[in-house]
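Participant: Quick one, fold the following:
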Amino acid sequence: MANIHSQKKRILRSERERLENRRYTSKIKTLFRRLETASKGGDDAAADAAHRELISTIDKAVKRHALHANNGARKKSRAAKLRAGS
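Facilitator: Numbering: from 1, shown residues only. Got it, this is the predicted structure:
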């Protein structure tokens, strides 16, 4: 454990930021599953809603550096392909 006060604060901040990033990545995975389920089920309205929410969440995660920009672009492309396949 760190002895320096600023380092203790940095450890706490790092943990808080890590959890924020985990929330984004977990939500993106959940939304992918919802989109896949809606697409395979043939429910266009639910698939459109899930796709819109997924794209929005990916953009927010990239903006906050929870995801790398290229990773976000790849996920958006994969989502569009999944949506178009239904």
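Participant: and the residue nearest the centre of the chain, what does it touch?
Facilitator: Taking C-alpha atoms, centre = their mean, the centroid of the chain lies closest to Ile28, which sits 3.3 Å from it. If you count contacts by C-beta atoms under 8 Å, 6 or more residues apart in numbering, Ile28 has them with 54, 57-58, 61, 67, 75. In this view, the C-beta of every residue, glycine as well, is placed from N, C-alpha and C.
Participant: helix, strand or coil for it?
Facilitator: Following DSSP: H, G, I helix; E, B strand; the rest coil, the label given to Ile28 is helix.
Participant: May I have the phi/psi pair for Arg64?
Facilitator: Phi and psi for Arg64, reported as degrees, to the nearest 10, are phi -90, psi 10.
Participant: for it, what are its contacts?
Facilitator: Contacts of Arg64 by C-beta under 8 Å, 6+ apart are 20, 24.
Participant: cool, and Ala49?
Facilitator: For Ala49, the contact set (C-beta under 8 Å, 6+ apart) comprises Ala38.
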